[in-house]
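Peer 1: Pasting a predicted model and its sequence here:
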Number of protein chains: 2
Amino acid sequence: MTKSSVQSDETAALILNAAERLVAVRGFNGFSYGDAAKELGLTRAALHYHFANKADLGEALITRYGDRFADALAAIDARESEAMAKLEAYAQLYLEVLREGRMCLCGMLAAENETLPPSMQDAVSRFFISNQSWLSSVLARGTELGTVELRGSPDETAWLVINTLEGAMLLARSLHEVAILQSSIDQLMAGLRRGTRVDV
Amino acid sequence: MTKSSVQSDETAALILNAAERLVAVRGFNGFSYGDAAKELGLTRAALHYHFANKADLGEALITRYGDRFADALAAIDARESEAMAKLEAYAQLYLEVLREGRMCLCGMLAAENETLPPSMQDAVSRFFISNQSWLSSVLARGTELGTVELRGSPDETAWLVINTLEGAMLLARSLHEVAILQSSIDQLMAGLRRGTRVDV
DNA sequence: GTCTATAGGCAGATAGAC
DNA sequence: GTCTATCTGCCTATAGAC
């Protein structure tokens, strides 16, 4: 790999960093090449060299975000063996993003779905389906082992977990109240943990 | 009231109708005066006559939406006396909006929060707090009467309900799968209804 | 790779005729 | 109340110099 191509990759990564934060905070439609260029001390033309158009940049954003999320899930699998511990770690990912004042990138893009290029819509869908699939496996395994108690199927419950976390993030961020997410996580986990339910 | 002022009110209402749908589908940043004007067969200048600037239009949108939601909650209170029935009816409001292919107006605006004029941010916050307050009362009353069983305080659980519904709407809409919301509603309700929990 | 310059379009907003 | 015309500014994107 030549020096210039390394620099190119590094610049591309810096652009993705800035763009990811801007999109997660302001939305794809509230973000422009000019915003990112300004932050990086570059011109808009330089950004177009690395990402020819906004749809390309958007796709790259989602792909990298999805890859990073997949890595995080693999790390959780390597670190935690018990289902509830995995779920707690999963929820912590959302809390960390919120504490940076961001939305989940794909949660933000889901809101803007109707205005996104189809390639980005598809990438967002894949992100959620991948998360749901991981969660569903964790929930199914936890049920087998008796640490998790479901009210619906693992698939349905997996969606409930994602929905609750994404929605709680949305509300917590707009109300400037992290506790809104924290408390929803606590209640969600209490509802899944076997042996914490109080009546019949 | 003169005929012309009636026409003005009617035109203003038509503008709000078109704008509300466009914003709930495309977002405030994905919406323009031109979009609404085109739908109504008017010019952008005509819209500026009724709503001088976009922030004014946005505030009017939220105010009217909040008033309509408050009316719907009052109708629920008049129609249903039991807490779980009220909660089911509340959830149905979200399902109806989703079936029209829309997001909750304020859920959409919550995502775009950081790019909104402060007056709109405040109005969105008030909307959610008003909903949370109503839900909290319903949950507290249901607990007293023994039809509802909470895992947290009524306040915390009220946020959980809103978060879950907003998040489920967000995901269901972007994945074109109404069942994602329906199933989250079912699980949420099952978790609140006394006597449906299966273990201790 | 990054720049300057620019094209071409659409945005929000206003002025003034009707 | 609604129109046409216009201002101003920002946007995405490209061409071509360095």
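Peer 2: It's in. Numbering: from 1, shown residues only, chains lettered A, B, ... in the order given.

Peer 1: got a pLDDT number for A:Ser4?
Peer 2: According to the prediction, A:Ser4 has pLDDT 49.

Peer 1: Kindly report the same for A:Ser136.
Peer 2: 98.

Peer 1: how far does stretch A:173-183 stretch from start to finish?
Peer 2: 14 Å (CA to CA, to the nearest Å).

Peer 1: Outside of that stretch itself, list whatever touches it.
Peer 2: Residues from elsewhere that reach stretch A:173-183 (CB atoms under 8 Å, 6 or more residues apart in numbering or on different chains): A:94-95, A:98-99, A:101-103, A:165, A:168-169, A:171-172, B:109-110, B:113, B:121, B:124-125, B:128-129, B:152, B:156, B:159-160, B:163. C-beta coordinates here come from the backbone N, C-alpha and C atoms, glycine included.

Peer 1: burial measure for A:Leu175, as a count.
Peer 2: 19 (other CB atoms under 10 Å in any protein chain shown).

Peer 1: before we move on, what about the one 4 residues further on?
Peer 2: Applying other CB under 10 Å, we find 12 residues neighbouring A:Ala179.

Peer 1: which element is it on?
Peer 2: helix A:178-192 (DSSP states H and E).

Peer 1: List the buried residues in that helix.
Peer 2: By 16 or more other CB atoms under 10 Å in any protein chain shown, the buried positions in helix A:178-192 come out as A:180-189, A:191-192.

Peer 1: Then stretch A:22-32?
Peer 2: A:22-31.

Peer 1: That one close to DNA strand D?
Peer 2: Yes. Residues of stretch A:22-32 contacting DNA strand D under CB under 7 Å from any atom of the strand: A:31-32.

Peer 1: what's the span of that stretch, first residue to last?
Peer 2: Stretch A:22-32 end-to-end distance (CA to CA) = 9 Å.

Peer 1: re the thing from before, please narrow the buried residues of stretch A:22-32 to those residing in strands.
Peer 2: Among these, DSSP state E puts none in strands.

Peer 1: Could you dump these into CSV with pLDDT and distance to A:Ser133 added?
Peer 2: Putting the buried residues of stretch A:22-32 into CSV (pLDDT from 0 to 100; distance: CB to CB, whole Å) gives the following:
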residue, pLDDT, distance to A:Ser133
A:Leu22, 98, 29
A:Val23, 98, 24
A:Ala24, 98, 23
A:Val25, 98, 28
A:Arg26, 98, 30
A:Gly27, 98, 27
A:Phe28, 98, 25
A:Asn29, 98, 29
A:Gly30, 98, 30
A:Phe31, 98, 29
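
Peer 1: which ones are touching the residue nearest in space to the middle of chain A?
Peer 2: The residue lying closest to the centre of chain A (CA atoms, centre = their mean) is A:Cys104, at 4.4 Å. Going by CB under 8 Å, 6+ apart, A:Cys104 touches A:24, A:94, A:97, A:166, A:169.

Peer 1: Of the contacts of stretch A:173-183, which are in range of DNA strand C?
Peer 2: Near DNA strand C, by the rule CB under 7 Å from any atom of the strand, you find none of the contacts of stretch A:173-183.

Peer 1: Filter those down to the buried ones, PyMOL style.
Peer 2: This is the PyMOL syntax for the buried subset of those, where burial follows 16+ other CB under 10 Å:
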select buried, (chain A and resi 94+95+98+102+103+165+168+169+171+172) or (chain B and resi 109+110+113+121+124+125+128+152+156+159+160+163)
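
Peer 1: To which secondary structure element type does A:Met169 belong?
Peer 2: Per DSSP: H, G, I helix; E, B strand; the rest coil, the local secondary structure of A:Met169 is helix.

Peer 1: How about the contacts made by it?
Peer 2: Here A:Met169 is in contact with A:94, A:97-98, A:103-104, A:107, A:181, B:167 (CB under 8 Å, 6+ apart).
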